[in-house]
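Q: Show me how the following folds:
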Amino acid sequence: MAKKRQYTNEFKEEVLAEVDLANKTVIQIAKKLKIPSTTIYSWIAAAGKIPPEVVGTKAKGKASPGEKRTRTSSKLLSGLKAERDYYKAQMEHFMKLHFTSMTKGR
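A: Got it, this is the predicted structure:
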């Protein structure tokens, strides 16, 4: 079984400062320092902070009513576009057959 690494409070503070100041994600910083990203996330949570890549986003399943309406409208619109494209293709096929048969009879 792997030995659990111990980090000093000073090291944790340096990492948290880098998370705050760097224009990188927690995962990028974790890879650079060769420590698990979950460890850094736990330090961020313990400090009562929010990771930079999460700021301005909502947790999954916590969409506002406006976001839900937008998502529903987008799904409906994409379905209507697919239906329109289907009927458009059918009409083009019909017109092609109809005009081909009309010109052959002349």
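
Q: domains of this protein?
A: Structurally, the chain divides into domains by automatic domain parsing as follows: 1-57, 61-106.

Q: who's in contact with stretch 20-35?
A: Here stretch 20-35 makes contact (Cβ atoms under 8 Å, 6 or more residues apart in numbering) with 5, 7, 15, 18-19, 36-37, 39-41, 44, 49, 51-53. (C-beta placed from N, C-alpha, C; glycine too.)

Q: Kindly recompute the last result at 10 Å.
A: Outside stretch 20-35, the residues that touch it by Cβ atoms under 10 Å, 6 or more residues apart in numbering are 5, 7, 11, 14-16, 18-19, 36-41, 43-44, 47, 49, 51-54.

Q: Which of those residues are buried? Put it as a ChimeraX command.
A: Applying 16 or more other Cβ atoms under 10 Å to these, the buried members can be selected in ChimeraX as follows:
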select :15,16,19,37,39,40,41,43,44,51,52
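
Q: Low-confidence bits of the chain, can you list those?
A: Scanning the chain for pLDDT under 70 picks out 1-2, 51-64, 104-106.

Q: Run through the helices of it in chain order.
A: All helices of the chain, identified by DSSP state H, fall at 9-21, 26-33, 37-46, 65-104.

Q: quick one: stretch 79-96 to chain centroid distance?
A: In terms of Cα atoms, centre = their mean, to the nearest Å, the centre of stretch 79-96 is set 32 Å apart from its chain centre.

Q: and that stretch, which residues are buried?
A: So, applying 16+ other Cβ under 10 Å, stretch 79-96 has no buried residues.

Q: What lies in contact with that stretch?
A: By Cβ under 10 Å, 6+ apart, the list of residues contacting stretch 79-96 is empty.

Q: Next, give phi and psi for residue 36.
A: Backbone torsions for residue 36, taken as degrees, to the nearest 10, come to phi -60, psi 140.

Q: I figured it hits residue 42, correct?
A: Yes - using Cβ atoms under 10 Å, residue 36 is in contact with residue 42, at 9.2 Å.

Q: who touches both of those two?
A: With contacts taken as Cβ under 10 Å, 6+ apart, residue 36 and residue 42 have no neighbour in common.
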